[in-house]
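# Make a model of this:
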Amino acid sequence: MFDPVRRSRALLAVALSACALLAACAAPETGNGRSTGVPATPGEYATGGVIEYGHEQEPPCIHGGWVQNAYLARQYLDNLVSLADDGRVVPWLANSWDISPDRRTYTFHLKPGVRFSDGTDVDAAAVKTTFNSYLNPDNPNGTVVSYIGQYFASDEAIDKYTYRLHLKQPYSPLLTVITQGYFGIQSAKALARGTKANCSAPVGSGPFIIERWDRNRSITFVRNPNYNSAPANARHQGPAYVDKVIWKFLKDPVLRYGSLTSGSSDVIYNVPAINWTDATRSFQTRQYVTPGRPNAITLNVANKPFDDVRVRQAFAYSADRERAVKTAFLGVVPFNANGALSQSTPNYDPQSGAYPYDPARANALLDQAGWTGRDADGTRTRGTERLTARVVYAADAIIGPEGAAILQDIAYQARQIGFDLTLVPATQSAYFGGQYAKSNTYDAYVGYWTSPTPGLLYINWRQRLEGNPNPYNNAFYNDPHLQQVIEQANSSADPTQQQELYRQAQRIIGDQALAIGLYTQTTSLAVAPKLHDVWIEKSQGEPVFADARFVR
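Next up is the predicted model:
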């Protein structure tokens with residue numbers, strides 16, 4: 001009989017032995033990540049050139065609310081502000097900003113003389129039009145709404161280069177939040193074309209211009225020759241060095257890595273774990289542990305069996321998650337026990353949601369919850385009920401082959417305790433299209449959120465109420481006290497108080513076993529030695545090509 005646990009442990013032993021010999025599997029640094037591999041090739045810089053970049057996922061529109069959209073946005077949009085490597089918010093389209101004494105009004109002073117690629121001015125009116133478009137209830141950007149919709153009161157263009165944003169209450173993460181690509185400023189003239197045009201050809205003022213989108217193949221970005229609005233943390237000011245970036249969609253990891261080794265790609269995203277050590281021998285490698293929420297299994301408290309905290313805790317104890325992650329990713333991607341926040345997020349609490357592998361404790365908890373019987377398959381029973389659960393995951397959008405292997409390993413181990421877990425792979429369209437939006441469509445849900453702030457907790461754990469819906473509370477867990485703690489943290493101006501309140505929120509989520517952490521969402525790049533200065537920005541791991549250039 002095939003035993004995935006025995007096989008996993010055998011593979012892990014081999015992997016750890018290899019790591020010991022090669023010293024290549026040390027845990028990655030958090031925050032800014034790490035640069036490894038071979039050094040860039042020295043030499044005289046060439047003029048122009050085309051970067052062939054092998055990416056993974058293709059979003060349904062070029063701009064939107066998925067992190068894959070944010071990666072693209074970094075190439076053709078500018079934001080008001082940027083997040084530097086040291087965590088400071090620095091100028092971008094806004095040269096400076098003022099915050100009112102009550103911290104409810106932000107006034108941004110824009111750079112003069114910046115134009116969108118369609119020739120229109122980047123001014124306060126364009127910023128207002130962009131934010132109003134994102135918050136439009138008839139066609140919202142769900143991620144923008146989730147961050148600022150509950151706080152946004154109004155905004156205004158004071159004069160041509162002064163934009164003012166009013167909040168209903170203080171929101172300390174605001175400046176950090178708007179460094180993300182979702183908040184890039186778009187041309188008001190282009191936005192007026194309507195949804196369809198802006199899906200395929202949005203217009204920004206960034207270092208590259210979208211030339212064309214060949215669906216299921218690539219997006220071609222061409223150099224913006226008039227670019228004069230790089231952020232303060234850019235490697236240089238002025239237009240990009242290269243002529244083009246061809247952003248290829250290569251979902252298959254073998255094909256993607258093969259494109260790098262064959263020379264048909266100069267850079268690739270998401271280096272397969274099995275190829276990571278090989279990549280460090282031949283290429284420049286960059287790894288960034290993305291802040292936000294890790295890939296986690298969120299348990300739906302609206303359904304049996306996870307409406308009982310003892311069953312949720314038993315599930316958390318039932319599998320050796322850390323070993324499953326180390327085995328699947330060969331030690332390259334870190335385990336993250338805390339299901340509420342990733343370890344690279346400010347104010348992360350490593351003690352929350354630990355739940356080490358403890359099958360005896362898992363069994364005892366299920367006994368206490370009344371699941372004392374067993375059927376012929378070994379599944380626990382309570383009267384006529386069987387201990388079953390449906391675990392939905394996006395097989396082609398969120399969870400790659402390593403993540404799927406982790407879920408299979410966890411399901412196998414949980415089965416030894418008496419759970420009968422059914423893994424339900426969902427397509428990208430079904431996962432994002434609302435097929436699993438209702439509480440009766442799943443018992444557990446796998447996913448992550450990229451975010452540079454622990455204020456993300458408000459998005460994932462604000463109550464999901466009929467009069468004030470929150471589709472991102474996948475646990476359907478409505479706790480007014482938890483929401484109040486997070487709101488207080490988000491509004492506090494005292495970093496020490498913020499840290500304590502965010503810790504309290506994580507402890508509640510962990511103690512209730514609402515989200516079972518698996519592994520961090522990690523951006524990794526492998527770059528050909530001849531290409532210099534490709535970097536990963538801090539807010540959520542967006543690859544940056546505006547400063548990159550080839551050597552002859």
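# Just want the most central residue of this protein.
Nearest to the mean C-alpha position of the chain, by C-alpha atoms, centre = their mean, lies T450 at 2.6 Å.
# need the contact list for it.
By C-beta atoms under 8 Å, 6 or more residues apart in numbering, the contact set of T450 is V67, A70, T290, P291, G292, Q521, Q540, G541. C-betas here are computed from N, CA, C, even on glycine.
# Next, the residue nearest to A314 when sequence neighbours are not counted: secondary structure please.
Leaving aside its sequence neighbours, A314 sits nearest to L365 (C-beta to C-beta, 6 or more residues apart in numbering; 3.9 Å). At L365, secondary structure determined by DSSP: H, G, I helix; E, B strand; the rest coil is helix.
# Count the neighbours of L365 for me.
Neighbour count of L365, defined by other C-beta atoms under 10 Å: 24.
# Give me the residue ranges of the protein where confidence is low.
Applying pLDDT under 70 to the chain picks out residues 1-32.
# Against D266, how distant is the residue nearest to the centre of the chain?
Per C-beta to C-beta, to the nearest Å, T450 is found 25 Å from D266.
# go on, L191?
From L191 over to D266 (counting by C-beta to C-beta), the distance is 33 Å.
# now swap in P350 and tell me
P350 sits 38 Å away from D266, taking C-beta to C-beta as the criterion.
# ditto for D420
47 Å.
# Pick out whichever of these two has more residues nearby.
For the pair D420 and D266, the greater number of neighbours falls to D266 (26 against 16), based on other C-beta under 10 Å.
# That one: what's it in contact with?
Counting by C-beta under 8 Å, 6+ apart, D266 has contacts I51, E52, Y53, L260, V527, A528, K530, L531.
# Kindly report the same for V242.
V242 is in contact with G48, G49, V50, I51, R223, F545, A548, R549, F550, counting by C-beta under 8 Å, 6+ apart.
# just E402 next, same as before
E402 touches P272, A273, A328, F329, V333, counting by C-beta under 8 Å, 6+ apart.
# what's the answer for G370, then?
Counting by C-beta under 8 Å, 6+ apart, G370 touches R382.
# what helix or strand is it on?
Using DSSP states H and E, G370 sits within no helix or strand.
# Please tell me how far it sits from R281.
55 Å.
# now I459
The value you get for I459 to R281, if C-beta to C-beta is used, is 40 Å.
# Over to K189?
Distance from K189 to R281, by C-beta to C-beta: 49 Å.
# The two - which one has more neighbours?
Using other C-beta under 10 Å as the criterion, K189 and R281 rank with K189 on top: 15 against 11.
# so what's that one closest to, chain neighbours aside?
Nearest one to K189, counting by C-beta to C-beta, 6+ apart, is T120 at 4.9 Å.
# same question, V446
Nearest one to V446, counting by C-beta to C-beta, 6+ apart, is Y393 at 3.8 Å.
# In what element of secondary structure is that neighbour found?
strand 388-394.
# Tell me which strands that strand pairs with, and in which orientation.
Partners of strand 388-394 in the sheet, by DSSP bridges, are strand 420-426 (parallel), strand 444-450 (parallel).
# next SSE after the last one?
What it means is strand 444-450. helix 456-461.
# what's downstream of that next one, the next helix or strand?
Following helix 456-461 in sequence order, the next helix or strand is helix 480-491 (DSSP H and E).
# Mind exporting the C-alpha coordinates of whatever helix or strand comes next after that following helix to PDB?
Next in sequence after helix 480-491, counting helices and strands by DSSP H and E, comes helix 495-511. Taking Å, rounded to 0.1, in the frame of the first residue of the first chain, the C-alpha atoms of helix 495-511 are listed here in PDB:
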ATOM      1  CA  PRO A 495       3.500  51.100  18.000                       C
ATOM      2  CA  THR A 496       3.700  49.300  21.400                       C
ATOM      3  CA  GLN A 497      -0.100  49.300  21.800                       C
ATOM      4  CA  GLN A 498      -0.500  48.200  18.200                       C
ATOM      5  CA  GLN A 499       1.900  45.300  18.700                       C
ATOM      6  CA  GLU A 500       0.000  44.100  21.800                       C
ATOM      7  CA  LEU A 501      -3.400  44.400  20.200                       C
ATOM      8  CA  TYR A 502      -2.300  42.600  17.000                       C
ATOM      9  CA  ARG A 503      -0.800  39.900  19.300                       C
ATOM     10  CA  GLN A 504      -4.100  39.500  21.100                       C
ATOM     11  CA  ALA A 505      -6.000  39.100  17.800                       C
ATOM     12  CA  GLN A 506      -3.600  36.400  16.700                       C
ATOM     13  CA  ARG A 507      -3.900  34.600  20.000                       C
ATOM     14  CA  ILE A 508      -7.700  34.600  19.600                       C
ATOM     15  CA  ILE A 509      -7.500  33.200  16.100                       C
ATOM     16  CA  GLY A 510      -4.900  30.600  17.200                       C
ATOM     17  CA  ASP A 511      -6.700  29.500  20.400                       C
END
